[in-house]
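K.L.:
Quick one, structure for this:
(chains A and B)
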Amino acid sequence: GAGVSQSPRYKVAKRGQDVALRCDPISGHVSLFWYQQALGQGPEFLTYFQNEAQLDKSGLPSDRFFAERPEGSVSTLKIQRTQQEDSAVYLCASSLVDEQYFGPGTRLTVT
Amino acid sequence: GENVEQHPSTLSVQEGDSAVIKCTYSDSASNYFPWYKQELGKRPQLIIDIRSNVGEKKDQRIAVTLNKTAKHFSLHITETQPEDSAVYFCAASKGGGGNKLTFGTGTQLKVEL
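P.N.:
Next up, the predicted model:
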């Protein structure tokens, strides 16, 4: 069946621009997670949704980061006024219970 | 919060040999431990997981062991093949759905011919 998909796969933004990253989870998966993966590092948790409710946003690095999942399916991670330190791969994962399945990620480069 | 340490950071083995990657975790409330394989530029792929009520789990050439008392868990790959070359990440969570994964720093495994 279809896995988790993300778009765009690559995004180049000039410093100060806003970006929006999209995640399409596996159909029927209640839980959706966003992670940030810096080069050569493991993914780090950003935020978690159960259906449309954002239950944990403790990993968001600043108030420039905002996520939503208004209908409990597709999610968007928005970064305002991008900075160079935001350059990373942004991974989305969905799950029914414990197993989390990842999308291919969006590689964001801020120049 | 949870802290996961992973060793070694790089591992080179000959084809056909075994490879072992070790992780430790800090939070005794963690009870779900997945392992992911990530090839360059690709998504992390779940390859095996173990829950705290089990000490060992095996799937073909891959096995995972868990020592809850010592807060250690390990990935064992036997009869390694070139296609096993990738970065492997261990992770820990409190399980039960909706619990974030805390990842280790990764092990670059290279299987040489």
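K.L.:
CA atoms for contacts and neighbours, from now on please.
P.N.:
OK.
K.L.:
Please report how far residue B:109 lies from residue B:9.
P.N.:
Remark: distance between residue B:109 and residue B:9 (Cα to Cα, to the nearest Å) = 9 Å.
K.L.:
do the same with residue A:4
P.N.:
According to Cα to Cα, residue A:4 stands 28 Å off from residue B:9.
K.L.:
Then residue B:76?
P.N.:
Using Cα to Cα, residue B:76 is found at 15 Å from residue B:9.
K.L.:
re the thing from before, counting neighbours around each, name which of residue B:109 and residue B:9 comes out higher.
P.N.:
A direct count of neighbours by other Cα atoms under 10 Å in any protein chain shown for residue B:109 and residue B:9 places residue B:109 higher, at 22 against 14.
K.L.:
thought that one was touching residue B:12?
P.N.:
Yes: using Cα atoms under 8 Å, residue B:109 is in contact with residue B:12, at 5.9 Å.
K.L.:
What distance do you get for residue B:58 to residue B:86?
P.N.:
Residue B:58 sits 20 Å away from residue B:86, going by Cα to Cα.
K.L.:
Tell me which of those two has more neighbours.
P.N.:
Set residue B:58 next to residue B:86 and count neighbours by other Cα under 10 Å: residue B:86 wins out with 18 against 15.
K.L.:
Correct me if wrong: the more buried one contacts residue B:110.
P.N.:
Yes: taking contacts as Cα under 8 Å, residue B:86 lies within contact range of residue B:110: 6.9 Å.
K.L.:
Quickly check: stretch A:54-72 near chain B or not.
P.N.:
No: counting by Cα under 8 Å from any Cα of the partner chain, chain B has no neighbours in stretch A:54-72; the shortest distance is 8.8 Å.
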